[in-house]
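S.K.: sequence and predicted structure, then a few things I'm wondering about:
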Amino acid sequence: MTLAVDITVRRDAFSLSLRLTVAPGEVVAVLGRNGAGKSTLLSALAGLLRPDEGRIELAGRVLTDAAKGVHVPPHLRGVGMLAQDPLLFPHMTVAANVAFGPRSRGVSRSAADDLVRRWLSDVDATEFAARRPGQLSGGQAQRVAVARALASEPELLLLDEPFAALDVDAAPALRTMLRRVLRDSARTALLVTHDPLDALVLADRVVVLSDGQIVEQGETRAVLSRPRTAFTARIAGLDLVSGVYRPAGLVVGDFVISGHVPEPIAEGSPAVAVFSPSAVAVHVEPPGGSPRNVFGAVVGGLEPHGDMIRLRAGRSVDGPSWVDGLAADLTAASVADLGLEPGTRVWLAVKAAEVALHPVAGGS
Ligand SMILES: Nc1ncnc2c1ncn2[C@@H]1O[C@H](COP(=O)(O)OP(=O)(O)OP(=O)(O)O)[C@@H](O)[C@H]1O
C-alpha cells in the first residue's frame, strides 16, 4: 500500500509543496506548528481538496492527477480518517456506527457483523456495542471511532491530532491502544500532530513541515533527539534519551535513568526518557547527596530562548556521549551566577518525577 505524494496546493497567500513516500505498513508523523499546512495535506489526501498540481498514488492506484483532471472522490479513495472529534452518528448504536463503512461498501450484514465484533474487541470497546454515542465518555467514543475507521479497511489511515480533544488522563491509554492496533494491522498511516510524544510513540518516521515545505525528515527518535534545524528543535521542545526499558528505569550504556511510566512498556524493549529542558538543573560542582539522574557534560552552546537562556550540552571527556544536544533552560541571572560559557564543565540533574519513560514505535 505504498503512498506516493507529489503535490502543490495554493491557498491565497499560502502554498503547500510537498513530495513524500510512505511504505506499506509504515506510520509517518507530520509535525508542524499552527498554519504549517498539515490540515491542507490531509484534505488533499482525503480528496476534500484538489491540488493545483501533482499526483497522489496509493497502492498503485492514481487518486489525483491534476494535469489529467483525475480526482477520485473521498468515499472511493480507500482512505480512512480519524479526526480530533470522534464524529460518530448520534442516532446509531456503536455497532451500527462501526458497521456503517463496510455496509456502504456493499459488505453483507453477517460479514459486517464479524468486522464489528473484531474491531470493537481490538479497541476494547465490545461492551459498548449497544450504546449510543451520547452514552460514552470522550475516550470511549474515540476508541469506537478507531474501530469505525479500521472496519472500513482503508489502505491508508489518516490521523488528525487524534488525542487533541481528550483530557490528559485519557490520552495515554488511547495512544497505547492505537500503537498496538496500528502495529498489529500493519496499517499504512499518516499522523498529523503538533505533539512530539505522539510521533515518538506511534510513528516510524517523522516529517517536519514549516510554511508548506518539508524542512526535515527521518527516523523519529533521530530527528527529535538530534534535530538538525533550529526549527525542529523548537517543535521538539523536549529532551529525549533512547535506551532499553528495565524495571529499574531506562538503561543507556552504564546509566539507568529513573522516571515514571505513564503507559506500559515491555521489559527489554526500546524506550525513551523524555523531560522538559525547564526541568533540568545545572550545577558546576557535582550535586551533593545521592540524587539520581545526574549526568556529566560541558556547555556546548548558549542561546536566547524566550525570556530564558537555553543551554545545549556537549560531551565531557569522561561523560556519556548521549548528553550531547540535551537542553536546559536557565535564567540569564543564573547563567551569570554560575559563570557558564561554552566549554564549562557542568552536571545536569533532573528529578525522576520530571522524567517520563515511553515505549517507542518499532519496539515490541
Ligand atoms: N480555505 C482556505 N482558504 C485560504 N487559505 C487557507 C484556507 N484554509 C487554510 N488556509 C491557510 O493555509 C495555511 C495552512 O493551513 P493548515 O490548516 O493546513 O495548517 P495546519 O498546519 O493544519 O495548522 P493547525 O495546526 O492550526 O491546524 C494557513 O496559512 C491558513 O491560513
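M.R.: Noted; the coordinates are in hand. Please read these numbers as outputs of a predicted model, since none were measured by experiment.

S.K.: when you work out contacts or count neighbours from here on, use the C-alpha atoms and nothing else.
M.R.: Fine.

S.K.: dihedrals phi and psi, the most centrally placed residue in the chain?
M.R.: The C-alpha lying nearest the average C-alpha coordinate of the chain belongs to Ala199 (CA atoms, centre = their mean; 1.8 Å). Here is the backbone geometry of Ala199 (degrees, to the nearest 10): phi -60, psi -40.

S.K.: ok, it to the ligand distance?
M.R.: 15 Å (CA to the nearest ligand atom, to the nearest Å).

S.K.: just Gly218 next, same as before
M.R.: According to CA to the nearest ligand atom, Gly218 and the ligand sit 19 Å apart.

S.K.: check contacts around that residue.
M.R.: By CA atoms under 8 Å, 6 or more residues apart in numbering, Gly218 lies in contact with 205-207.

S.K.: again, but for Ala149
M.R.: Contacts of Ala149 (CA under 8 Å, 6+ apart): 80-82, 98, 157.

S.K.: that's a strand at Ser242, yeah?
M.R.: Yes. Assessed with DSSP: H, G, I helix; E, B strand; the rest coil, Ser242 lies in a strand.

S.K.: which ones are touching the closest residue to the ligand within the stretch 51-200 of the chain?
M.R.: The ligand sits closest to His194 of the stretch 51-200 of the chain, with a gap of 6.9 Å, by CA to the nearest ligand atom. His194 sits next to 31-33, 161, 235 when contact means CA under 8 Å, 6+ apart.

S.K.: which residues of this protein lie near the ligand?
M.R.: Within the chain, the residues that sit near the ligand (CA under 6 Å from any ligand atom) are 11-12, 14, 32-40.

S.K.: among those, which ones are in helices?
M.R.: Counted as lying in helices by DSSP state H, out of these, are 38-40.

S.K.: show me the shaky parts of this structure.
M.R.: Scanning the chain with the threshold set as pLDDT under 70 gives 228, 230, 290-291, 362-364.

S.K.: domains of it?
M.R.: The chain breaks down into these domains under the TED database: 3-225, 237-358.

S.K.: now the terminal residues of the first one, how far apart.
M.R.: In terms of CA to CA, to the nearest Å, the two terminal residues of domain 3-225 are separated by 27 Å.

S.K.: centre of the chain versus it, how much separation?
M.R.: Centre-to-centre, domain 3-225 and its host chain are 12 Å apart (CA atoms, centre = their mean, to the nearest Å).

S.K.: can you count the residues close to Val346?
M.R.: Using other CA atoms under 10 Å, Val346 has 22 neighbouring residues.

S.K.: so which strand or helix has it?
M.R.: Remark: Val346 resides in strand 345-349, with elements defined by DSSP states H and E.
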